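Engineer: pasting the structure only:
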Ligand SMILES: [Ca+2]
Ligand SMILES: [Ca+2]
Ligand SMILES: [Ca+2]
Ligand SMILES: [Ca+2]
């Protein structure tokens, strides 16, 4: 057998006998190149692959990824793993890296985000959509009405009002229960009387409901019926219900002007059940106002508060409660606070100091509270907690609707 014919196959055990035969025939030199031929398979490597150290000179003499250091094949030092602790670059480390970002792959989720109504806990406080859902209506600038959608944070303008110049919004516009109309009051300065209108939002048409002396505050009893305050000869302050077409005018309450002093022209509210809550001064002084309640037809008049302070601006919250601005001092107070009372006159309570007004959410489960020198907060009745409300550029808040 010639040398070049000796292959690996020749070395297999089945051929071992022939190989030994070859050696025995005196061609022993063949074993030397055979050994070199197999060195690439490791027979001549310094590294036996286990943890024992072997002499080496070059990295190529070491197995696998091992390298030659000080003539020894050793495992290379472990590279420190590069870990991105803020994957979404929102400035907050992931919770698993000791941070507060509950979703480190979404830069719109972190503790500084607003928890818009999207079914996600956007601000990582383990509560979902705590600021509530629906639309908040408000006035901005010289009388433009907007709403902000709490699901999308988008603002939508109700366009009619932006065309008005120097419009008098001293009596706040009111949105109808079905959100299709806006009622508002303008003044005829020549005649010295107020005019109550409503705007049909879909068609941008404006319709006059009624005009008369003292026509001012107003509220919706249903989608087609309103209550407003006015004045009639006598002189008397009056509260009147009326259909949108100006028909079915019904005087619900009258009070001699001399007695009212600070009476019916103040903001009042109507409930979905058709009740009316309002404030008047029972003794005719401006330092005393109390909250009254009556049915939409003027029946069942009832005085609710009786604390000798200034109580005004009632707002229905749910079926059994009224919230109102309260001050123990007088009716021009610096310390306006928020009080509540049940519809039967029980449970009169100071709820919050410095907050004095609120809008109830469509399901009455929350209220957006505002006040003097305090940030707007959402009051969640289920948890009794207050949550930060996103900053909105508004002049006056109007209502919170679906
Ligand atoms: Ca992050
Ligand atoms: Ca994030
Ligand atoms: Ca959310
Ligand atoms: Ca949350």
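Structural biologist: Received, thanks. In this text the structure is predicted, and so the values were computed from the model without any measurement. Ligands and ions are numbered 1, 2, ... in the order given.
Engineer: quick one, domains of this protein?
Structural biologist: Listed domain ranges for the chain are 3-74, 176-389 (source: automatic domain parsing).
Engineer: wait, does the last one contact ligand 3?
Structural biologist: The reference is to domain 176-389. No: applying C-beta under 5 Å from the ion, one finds domain 176-389 out of contact with ligand 3, separated by at least 11.6 Å. Backbone N, C-alpha and C define where each C-beta goes, glycine included.
Engineer: does ligand 4 sit close to that domain?
Structural biologist: No: using C-beta under 5 Å from the ion, domain 176-389 stays clear of ligand 4, coming no nearer than 8.1 Å.
Engineer: start to end distance for that domain?
Structural biologist: End-to-end distance of domain 176-389: 25 Å, with C-alpha to C-alpha, to the nearest Å as the criterion.
Engineer: Name the stretch from the domains of the chain where average model confidence is lowest.
Structural biologist: In terms of average pLDDT, domain 3-74 trails the rest of the domains of the chain, at a mean of 56.
Engineer: circling back: hey, which of the domains of the chain is tucked in deepest?
Structural biologist: Between the domains of the chain, the one whose residues have the most neighbours on average, counting mean count of other C-beta atoms under 10 Å, is domain 176-389 (a mean of 18).
Engineer: chain center to it: distance?
Structural biologist: 27 Å (C-alpha atoms, centre = their mean, to the nearest Å).
Engineer: go on, stretch 133-140?
Structural biologist: Taking the mean of its C-alpha atoms, stretch 133-140 sits 12 Å from the chain's own mean (C-alpha atoms, centre = their mean).
Engineer: That stretch - what's its average pLDDT?
Structural biologist: 95.
Engineer: Provide the contact partners of that stretch at residue level.
Structural biologist: Identification of contacts with stretch 133-140 by C-beta atoms under 8 Å, 6 or more residues apart in numbering yields 117, 145-151, 169, 172-173, 175, 179, 359, 361-362, 368, 392-402.
Engineer: Just the buried residues of the residues you listed.
Structural biologist: With neighbours counted by 16 or more other C-beta atoms under 10 Å, the contacts of stretch 133-140 contain buried members at 117, 145-148, 150, 169, 172-173, 175, 359, 361, 368, 394, 397-401.
Engineer: and the chain, which residues reach ligand 2?
Structural biologist: Applying C-beta under 5 Å from the ion, one finds that the chain approaches ligand 2 through 88, 90, 101, 103, 109, 110.
Engineer: Not counting stretch 378-387 itself, show me its contacts.
Structural biologist: Stretch 378-387 is touched from outside by 115, 127, 130-132, 358, 364-369, 377, 388-389, with contacts defined as C-beta under 8 Å, 6+ apart.
Engineer: ok, 7 Å please
Structural biologist: Contacts to stretch 378-387, defined as C-beta atoms under 7 Å, 6 or more residues apart in numbering, come from residues 130, 131, 132, 365, 366, 367, 368, 369, 377, 389.
Engineer: do the same with stretch 290-310
Structural biologist: With C-beta under 7 Å, 6+ apart, stretch 290-310 has contacts from 221, 241, 252-253, 274-280, 282, 287-289, 311, 314, 322, 324, 326-331, 333, 341, 343, 345, 348.
Engineer: about what we covered before: closest one to residue 123 among the domains of the chain?
Structural biologist: Shortest separation from residue 123 across the domains of the chain is recorded for domain 176-389, at 8.8 Å, computed as C-beta to C-beta.
Engineer: show me where the protein has helices.
Structural biologist: Residue ranges of the helices in the chain, as given by DSSP state H, are 8-11, 13-24, 31-37, 257-260.
Engineer: Which residue does the stretch 151-300 of the chain have closest to ligand 3?
Structural biologist: Closest contact between the stretch 151-300 of the chain and ligand 3, by C-beta to the ion, is at residue 151 (8.8 Å).
Engineer: show me what contacts the residue lying closest to that residue once chain neighbours are set aside?
Structural biologist: For residue 151, the nearest residue in space outside its immediate sequence neighbours is residue 117; the separation is 4.4 Å by C-beta to C-beta, 6 or more residues apart in numbering. Residue 117 sits next to 129, 132, 133, 150, 151 when contact means C-beta under 7 Å, 6+ apart.
Engineer: and the two most separated of the residues you listed?
Structural biologist: The most distant members of the contacts of residue 117, if one measures by C-beta to C-beta, are 132 and 151, lying 10.3 Å apart.
Engineer: my guess is residue 281 contacts residue 287, does it?
Structural biologist: No: taking contacts as C-beta atoms under 7 Å, residue 281 lies outside contact range of residue 287: 8.3 Å.
Engineer: No further questions, thank you.
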